[in-house]
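# build me a structure from this.
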Amino acid sequence: MWKALALAPATTGLAFESAQCRPSKQKNRQSSLLHKHLARAFHTEPSQLSTLRRILHLDVDAFLASVEQSLHPELRGRPVIVGGPPTGRNLVMSCSYESRPFGVRPGIPLAMAARLCPQGIFRNGDSQAANRLREELTRLLFEFTPLVEVASIDDFFLDLSGTERLLGPAFDVAARIRESVLARLALPLTVGIGSNRLVARIAGKLGKPGGIAEIRAGYEETLFTGLPVRELPGVGHSIGRQLERFAIRTVGDLRQVSREVLFASFGRNGLSLYDRARGIDDTPVEVTSTLLPDGSLVSRPPRSIQRISTFEPEEGRRELVEAMLVYLVERASFRLRQNRLAASSVETRLVYVDTRTYGERKQAVDEGLSITRRRRLPAPSDSTDELRELARSLLRQMPRRRALVKRVGVTLNGLVVREGWQGLLFSETGGDREDERGGSHADRHRHLDNVVDELRERLGFGRLLSGTSLELTETHPLTRDGFRLRTPSLNQ
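Residues are numbered from 1 along each chain as shown. Model (predicted):
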């Protein structure tokens, strides 16, 4: 059961409220970390907050595992591990916090997770349900502010600047949002509050899991001083290792390095590190969706559309790999037309299982296990037929390997606004009666796409598939929303 625990008064530089949903060992470790930072916090005047930016970062804890617990109440409070059966050779994609005291973490092999947590409940994950819950959560957030950015499948930013008189303090608004999400969607939420996106994200890390943490304006540098440098966004394994070589382990250590030295060492990334170490981030909250009066969400047009699927077990039949590619192109082109866009180029990617030894991989001069081909279209297009044939052509041009296929995907790049359709006077095939009655080949496929899109929106994407895609029914369960693919986070 959730229990509020106040660790700091509202008049300190950091206010915190957590939800007790994990064993005491982790809670004590988190509390000690917070108290260490609270020791460096000072007094601020709440009356000054109304004129400052207040950004909220919302993160759904263990999103894919929480989706399973939301859909199946009997799983709540139990260790849920998403990634597939324990006998599979894949990695854990998400795991509930009940499984983490046993050592289970995202990214470890499923077999290892089964050894660490024998009582764990292993699930494949439900991508369609995850997308539906994300949309419902987005609608709920619009009840508080129209400035909502969906940063990823489980990350959201809200801008509450200037709303204190209408909604109250940002901390109180965050508490109401967390309670509403838990009551209506049964999803645990961590909220970070700060004067910009960077500070809000860091505050959210301090509040995990299920808590609310607010870093008050003016104390960003003070609270950042003792943080491990790897907590800063942009400091990955490579940059982190280089910083450790120079004994830079905390954000306070990083702040002692001049801007010129960071630029000379890391280029433009060094300039970003210089600003982030001081809590500087002027990036605005970009509205990614619009809520219409009828309750429907209209998303901001994407810059590219990518669809990827992983085979489990790996696939050696070329016809099934091609069938999966065709299905992914159908989904990508459907999304393309929904946004009234057209693609300028198509990229096809194929990933093989790497069975080579370390020495063979080191000496290899070819493309290895991942092969990518891209080609531009003569003119931007949203035609499923044209995009499908180009993707299949790229796949057939790829060199074959004596190995099983692990992953296949397609990316539509160079998206431009569709400006209408120019019909053709003559048929490309010429002389065929059906073409003479129905227009050109391209015209007929244009009308076919419109009819198919209308039926899919009304009946469900999985109710109408091409003949090539139907071959996937041998290996993948088919639902109203389409095939249930192996990779839940990428299945759209």
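# which residue ranges of the stretch 151-300 of the chain form helices?
164-167, 170-185, 197-207, 220-224, 237-245, 251-255, 259-266, 268-276 (DSSP state H, counting those that start in this stretch).
# the fifth one versus helix 259-266: what angle between them?
Put plainly, it is helix 237-245. Helix 237-245 and helix 259-266 meet at an angle of 130 degrees, taking axes from the mean of the first three to the mean of the last three Cα atoms, to 10 degrees as the criterion.
# can you tell me the closest non-neighbouring residue to Phe483?
His476 (4.3 Å; Cβ to Cβ, 6 or more residues apart in numbering). Using the backbone N, CA and C atoms, a C-beta is placed for each residue, glycine as well.
# what's the burial count for that neighbour?
The number of residues packed near His476 is 20, by other Cβ atoms under 10 Å.
# element containing it, please.
Secondary-structure assignment from DSSP states H and E places His476 in no helical or strand segment.
# looking at the helices of the stretch 151-300 of the chain, which is closest to Glu136?
Set against Glu136 and scored by Cβ to Cβ, those come closest in helix 170-185, at 6.0 Å.
# sort out which residues of the closest one are buried, please.
Counting neighbours by 16 or more other Cβ atoms under 10 Å, one finds that the buried residues in helix 170-185 are Ala170, Phe171, Val173, Ala174, Ala175, Ile177, Arg178, Ser180, Val181, Leu182, Leu185.
# what about Arg76, how many neighbours?
The tally of other residues near Arg76 (other Cβ under 10 Å) stands at 16.
# right, and it touches Ser66 too?
No - distance between Arg76 and Ser66: 9.4 Å, which falls outside the contact criterion (Cβ atoms under 8 Å).
# follow-up on the earlier one: and the helices of the stretch 151-300 of the chain, which is most packed in?
By mean neighbour count, with neighbours taken as mean count of other Cβ atoms under 10 Å, helix 197-207 ranks first of the helices of the stretch 151-300 of the chain at a mean of 24.
# quick one: list the elements packing against that helix.
Applying 3 or more Cβ pairs under 8 Å, 6 or more residues apart in numbering; DSSP states H and E, one finds that helix 197-207 contacts strand 14-19, helix 24-38, strand 55-60, strand 189-194, strand 212-215.
# now the angle between strand 189-194 and it, please.
Computed with the same axes, to 10 degrees, the direction of helix 197-207 lies at 130 degrees from that of strand 189-194.
# gap between helix 197-207 and the chain center?
18 Å (Cα atoms, centre = their mean, to the nearest Å).
# what mean pLDDT does that helix have?
The average pLDDT for helix 197-207 rounds to 90.
# CA atoms of it as PDB?
Output for helix 197-207, consisting of C-alpha atoms alone and laid out as PDB, is shown next (Å, rounded to 0.1, in the frame of the first residue of the first chain):
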ATOM      1  CA  ARG A 197      13.800  20.400 -17.900                       C
ATOM      2  CA  LEU A 198      17.300  19.300 -16.700                       C
ATOM      3  CA  VAL A 199      16.600  20.200 -13.000                       C
ATOM      4  CA  ALA A 200      13.200  18.500 -13.200                       C
ATOM      5  CA  ARG A 201      14.700  15.300 -14.600                       C
ATOM      6  CA  ILE A 202      17.400  15.200 -11.900                       C
ATOM      7  CA  ALA A 203      14.700  15.800  -9.200                       C
ATOM      8  CA  GLY A 204      12.700  12.900 -10.600                       C
ATOM      9  CA  LYS A 205      15.700  10.600 -10.100                       C
ATOM     10  CA  LEU A 206      15.900  11.600  -6.500                       C
ATOM     11  CA  GLY A 207      12.200  10.900  -6.100                       C
END
